[in-house]
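Peer 1: generate coordinates for the sequence data below:
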Amino acid sequence: MLDSLVKFFQSIFSFLSGGSNKKDTTTTAPTSTTKPVPPPEVIPVTEEELPEIEEVEPQDGSDIPVEEEQEEIVLINAEVEELPIEEPTTPYGNNNTSTNENPVENPTPKHEPKYLWILDNGHGKNTKGKRSPKWSDGKQLLEYEFNRAIVKKIIESLEKEGVKYHNLVPEENVGNILKTRVARANALKVKSDLPSVYVSIHANAGPENQAGGWSSAKGIETWYYRTSLNGRKIAKIFQKHLIAKTDWVNRDVRTGMNFYVLKHTAMPAVLTENGFFNHKTEGRQLLSEETRQLIADAHVDAIMEIEKYGFIGFRG
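Peer 2: Okay, here's the model as predicted:
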């Protein structure tokens, strides 16, 4: 009897002291209905994994050789004007039309972000060229500065709206750093809990066919990569709002050139060319705060329309 009690307590002690440290080696046998898990999508997130940059390839609209202008560029003509300008879900800008002398100030409902907007201010201080001739008063437009000014204004509005964004290249003392831009954008896409959209913002330059190095080319165009259906949809929305705000020459949405940042980003991407800085009149307008605000507001209008309606079901 005593031996039985001793063995009983020994078994309990063994269970309490060692049982909890045992590893569970049981496995679940696969069943015939188990589906194989597909491998994750391979997205380049480092510069080393991205293809090399061909120096002869144009990187934005101002780099396109004149002789290729008519041969390789595909224009989507007469479609942008037909699209209605949709009102956003919440007001932004100075569009309060209330006639109430003592309006009740209700806080604007917090916007629920639908996308991560990756804002890329094209070029940098170390990019060669990308500047206008000088006007008679010595003033000159530097494209890197213009691009950053527009992005800054866009960000100010998006913060008020509660839209999720990322300033891709806050540095100024850089060049084109195309591989870095793409690598950063692709890494953001992997980490983001929202779908990403890439918007590269530029000013354009045309062939120098007038005295003093000025060009006769003017207007606005928006680019997308030729195989991206969603890129095309987004480009049309941005182009629509840019023309509505500025009333400048509509150079349409364009494809056909393999711009590096449009080809290798792993999300829908567009590149806006907001006027010609080497057009003597239009370039001067690009120096003004009023014009810059209009261009920034047009980008925000496009972003807010997509935030409200999306682009997957876009028809146009």
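
Peer 1: just confirm residue 121 contacts residue 145, I think it does.
Peer 2: No - using C-beta atoms under 8 Å, residue 121 is not in contact with residue 145; the gap is 9.4 Å. The way it works is simple: take the backbone N, C-alpha and C, and place the C-beta from them, glycine included.

Peer 1: which one of these two has more residues nearby?
Peer 2: Shown here are residue 121 and residue 145; by other C-beta atoms under 10 Å, residue 121 has more neighbours (27 against 18).

Peer 1: which element is the closest residue to the more buried one other than its chain neighbours on?
Peer 2: Nearest residue to residue 121, sequence neighbours excluded (C-beta to C-beta, 6 or more residues apart in numbering): residue 147, at 4.0 Å. Element membership of residue 147, judged by DSSP states H and E, is helix 143-161.

Peer 1: then the helix or strand following that helix to CSV, C-alphas only?
Peer 2: Using DSSP H and E, the helix or strand that follows helix 143-161 in sequence is strand 164-167. Presented in CSV, the C-alpha positions along strand 164-167 are these (Å, rounded to 0.1, in the frame of the first residue of the first chain):
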residue,chain,number,x,y,z
LYS,A,164,-2.2,59.2,-46.0
TYR,A,165,0.9,60.3,-47.9
HIS,A,166,4.7,60.0,-48.0
ASN,A,167,7.2,62.6,-49.2
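
Peer 1: show me where pLDDT drops low in the stretch 1-150 of the chain?
Peer 2: 1-45, 55-109 (pLDDT under 70).

Peer 1: name the helices or strands packed onto the longest helix that the chain contains?
Peer 2: Among the segments of the chain that qualify as a helix by DSSP state H, the longest is helix 289-309. Here helix 289-309 touches helix 143-161, strand 196-204, helix 229-246, strand 269-276, going by 3 or more C-beta pairs under 8 Å, 6 or more residues apart in numbering; DSSP states H and E.

Peer 1: how about a cut-off of 6 Å?
Peer 2: Here helix 289-309 touches helix 143-161, helix 229-246, going by 3 or more C-beta pairs under 6 Å, 6 or more residues apart in numbering; DSSP states H and E.

Peer 1: relative to strand 196-204, how tilted is the helix holding residue 147?
Peer 2: Angle, helix 143-161 to strand 196-204, by axes from the mean of the first three to the mean of the last three C-alpha atoms, to 10 degrees: 140 degrees.

Peer 1: how about residue 218, what does it touch?
Peer 2: Going by C-beta atoms under 6 Å, 6 or more residues apart in numbering, residue 218 touches 249, 276, 279, 282.

Peer 1: same thing but at 10 Å, please
Peer 2: 204, 206, 248-249, 251, 275-276, 278-283, 285 (C-beta atoms under 10 Å, 6 or more residues apart in numbering).

Peer 1: just name the closest of those residues to residue 176, please.
Peer 2: Of all the contacts of residue 218, residue 176 sits closest to residue 204, with 15.8 Å by C-beta to C-beta.

Peer 1: now that closest one. Nearest residue, chain neighbours left out?
Peer 2: residue 273 (4.1 Å).

Peer 1: next one: residue 245
Peer 2: That would be residue 298: by C-beta to C-beta, 6+ apart, it lies 3.9 Å from residue 245.

Peer 1: give the contact list for the one you found.
Peer 2: 150, 154, 220, 238-246, 272, 274.

Peer 1: where exactly do the helices run in the protein?
Peer 2: 2-18, 143-161, 178-191, 229-246, 260-264, 280-286, 289-309.

Peer 1: just name the most buried of these.
Peer 2: helix 229-246 (a mean of 23; mean count of other C-beta atoms under 10 Å).

Peer 1: so which elements touch that helix?
Peer 2: Other elements packing on helix 229-246 under the criterion 3 or more C-beta pairs under 10 Å, 6 or more residues apart in numbering; DSSP states H and E are strand 74-76, strand 196-204, strand 220-224, strand 250-255, strand 269-276, helix 289-309.
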